[in-house]
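1. Here is the input, now give the coordinates:
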Amino acid sequence: MAMYQKVLEIDPNHARAMVNLGNLHALRQEFALAQKLYHRAAEADPAMALAHYDSHLAHLEVFSLEAADDELRQARKIDDALVTGLLTRLGDSQVKRIPQDAEYSRKEIWDRAISLRLEGTMKREVARALTAPATLAAGAGLLAALIVPGLGFASRVASARPCRRCGRPFWRRRQVATK
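-> This is a model prediction of the structure:
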């Protein structure tokens, strides 16, 4: 809960964090707080069907059936396939449905982590390191150290080989058909 609250301090309109924090409040039986967060998430991201679906579940828990039906109807308007999948995922053996978390893809997590890492001091340090004259000279020296020794190993001309009979060097490509 503390992590989601910290996310909301950084970005007060982060809908996924509101939904997930609302889910935690709903699991703690704090349905009024959960409803407020679901409502704020739906306002922040009108295309998020999950906020309406989880709000539907919270309304069912407090027996507010008309509001629950309205929320389910709104969720179906936004993404009917998602809501149908959530409703049919649970079998008959499980009576109570639990709120569903708004998930993040791995790419979103890495992109955000890298962007946060490059903000502030890290961004300044990287920019300073890449533009420093000493860094450019060191890079050129490293490149020369890697390339120059390699030039001696791979000669461009084939070397002359000694003849098996007399021992004189000759180049195989220049030899005629008869020896």
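2. what's the burial count for residue 164?
-> Around residue 164 there are 7 other residues, counting by other CB atoms under 10 Å. (C-beta placed from N, C-alpha, C; glycine too.)
3. Look at residue 101 and tell me its secondary structure.
-> Three-state assignment for residue 101 (DSSP: H, G, I helix; E, B strand; the rest coil): coil.
4. my read: it touches residue 21, true?
-> No - Residue 101 sits out of contact with residue 21 when judged by CB atoms under 8 Å, with a separation of 10.3 Å.
5. With neighbour numbers in mind, choose between those two.
-> Regarding residue 101 and residue 21, a neighbour count based on other CB under 10 Å identifies residue 21 as having more, with 23 against 13.
6. Check what pLDDT residue 173 gets.
-> pLDDT recorded at residue 173 is 58.
7. Kindly report the same for the one 4 residues further on.
-> The pLDDT attached to residue 177 in the predicted structure is 57.
8. what's the answer for residue 101, then?
-> Model confidence at residue 101, given as pLDDT, is 86.
9. Would you check how far apart it and residue 82 are?
-> Separation of residue 101 from residue 82 (CB to CB, to the nearest Å) stands at 13 Å.
10. Please report how far the spatially most central residue of the chain lies from residue 49.
-> With distances taken as CA atoms, centre = their mean, residue 107 lies nearest the centre of the chain, 1.9 Å away. From residue 107 across to residue 49, the span is 21 Å (CB to CB).
11. Brilliant, that's me finished.
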